[in-house]
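Undergrad: my questions concern the predicted model and sequence given below.
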Amino acid sequence: MNPDDFPIEANALCEVCHVFGERQWCLATSGNFSARVGDKHCMITQSGKEKSRLSPEDLMICDLDGAPVDRKLKPSNETPLHSCLYKLDPGIGAVLHTHSASATVLSRAAGAEITITGFEMQKAFASIKSHDEKINVVIFDNDQDMQAFARRVGQAWDDGQFTVPGFLIRGHGLYAWGKDIASAQQHAEGFEFLFQCAWQERLART
Ligand SMILES: [Zn+2]
């Protein structure tokens, strides 16, 4: 099993990487991107690959415990966060992780979550029907122990803390997911737009 077995998903994931890379949401080989393939695996970016130039051979297959099928390849360090999301919800088909400047600084300026309201863009999330609704985005403290981090994400999931399809990591970036690559891209773009607006509003008030 390798990414060549799933050319549609591999090409679509590369396309998202190129778009997000051009927007400077994953500079210096940061960020990682994945899509579910079959019932027991996901396709994910290999560690240390430049996203704006990503090609299908820079992807690899891991099982849902984060273990690579091809042991010679090194998956992203954050693969446990992707695999835990796939295990938490069989309806998740793709997980996209960005390191944008606005998500990074906003996550450092807020507490355990940030509330966003009043923006039409909130409707990028299917569960949100009006700009008047309040979106609460969970913010986790950063952690280099990804297995422990994945357990914290699982606990927050079980506690029902995720009311929109994504979360922030403080000083680090955004995780967003969706039922497929296109919906995960829509959610990531919605979050990133809202974070830019929220950050610029804070700047305007100072
Ligand atoms: Zn990261």
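TA: Structure's in. What do you need? Residues are numbered from 1 along each chain as shown.

Undergrad: could you look up the SS state of the nearest residue to residue 50 once chain neighbours are set aside?
TA: Leaving out its chain neighbours, the residue that sits closest to residue 50 by Cβ to Cβ, 6 or more residues apart in numbering is residue 29, at 5.5 Å. Heads up, the C-betas are built off the backbone N, CA and C, glycines and all. Assigned with DSSP: H, G, I helix; E, B strand; the rest coil, residue 29 falls in the coil class.

Undergrad: next, count neighbours for residue 29.
TA: By other Cβ atoms under 10 Å, the residues close to residue 29 number 18.

Undergrad: thought residue 53 was touching it, still the case?
TA: No. Between residue 29 and residue 53 there is no contact under Cβ atoms under 8 Å: 10.3 Å.

Undergrad: which ones are touching the residue nearest to residue 91 when sequence neighbours are not counted?
TA: Of all residues not flanking residue 91 in the chain, residue 179 sits nearest, at 5.7 Å (Cβ to Cβ, 6+ apart). By Cβ atoms under 8 Å, 6 or more residues apart in numbering, the contact set of residue 179 is 91-94.

Undergrad: any weak-confidence spans in the protein?
TA: Within the chain, not a single segment meets pLDDT under 70.

Undergrad: show me where it has strands.
TA: Taking DSSP state E to define them, one finds strands in the chain at 32-37, 41-45, 59-63, 94-98, 113-117, 134-140, 166-169, 173-178.
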